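> sequence first, predicted coordinates after that:
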Amino acid sequence: MLEIKIRDEFIKLGQALKLAGVVEDGVEAKYVITDGLVKVNGEVDERRGRKVYEGDIISYDGKEIKVIR
């Protein structure tokens, strides 16, 4: 499982995917999210601006990313 460390209370979903290195840029993040390929805590979320918090698990392309502080 990958981990991303955030400084603030939350990070937006698109930014989290970029930080984890599973997408190249914000454009790719937008497409994979709006295409329903990303899950947050086991549920598909199609909002790029979705706020993810410490302890949330993001799933994409067979990878899991845990948000830590």
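Perfect, I can see it now. Residues are numbered from 1 along each chain as shown.

> buried ones in the longest strand that the chain contains?
As assigned by DSSP state E, the longest strand anywhere in the chain is strand 63-68. Residues 65, 67 are the ones in strand 63-68 that count as buried (16 or more other C-beta atoms under 10 Å). Where C-beta positions appear, they are placed from N, C-alpha and C, glycine not excepted.

> please name every helix or strand in contact with it.
Applying 3 or more C-beta pairs under 8 Å, 6 or more residues apart in numbering; DSSP states H and E, one finds that strand 63-68 contacts strand 2-5, helix 13-20, strand 57-60.

> same for the last one, what does it pack against?
Meaning strand 57-60. helix 13-20, strand 38-40, strand 63-68.

> in its sheet, which strands sit next to the shortest one, and in what direction?
Translated: strand 38-40. strand 43-44 (antiparallel), strand 57-60 (antiparallel) (DSSP bridges).

> before we move on, what about the last one?
Sheet neighbours of strand 63-68, with direction, are listed as strand 2-5 (parallel), strand 57-60 (antiparallel) (DSSP bridges).

> tell me the most buried of the ones you listed?
strand 57-60 (a mean of 18; mean count of other C-beta atoms under 10 Å).
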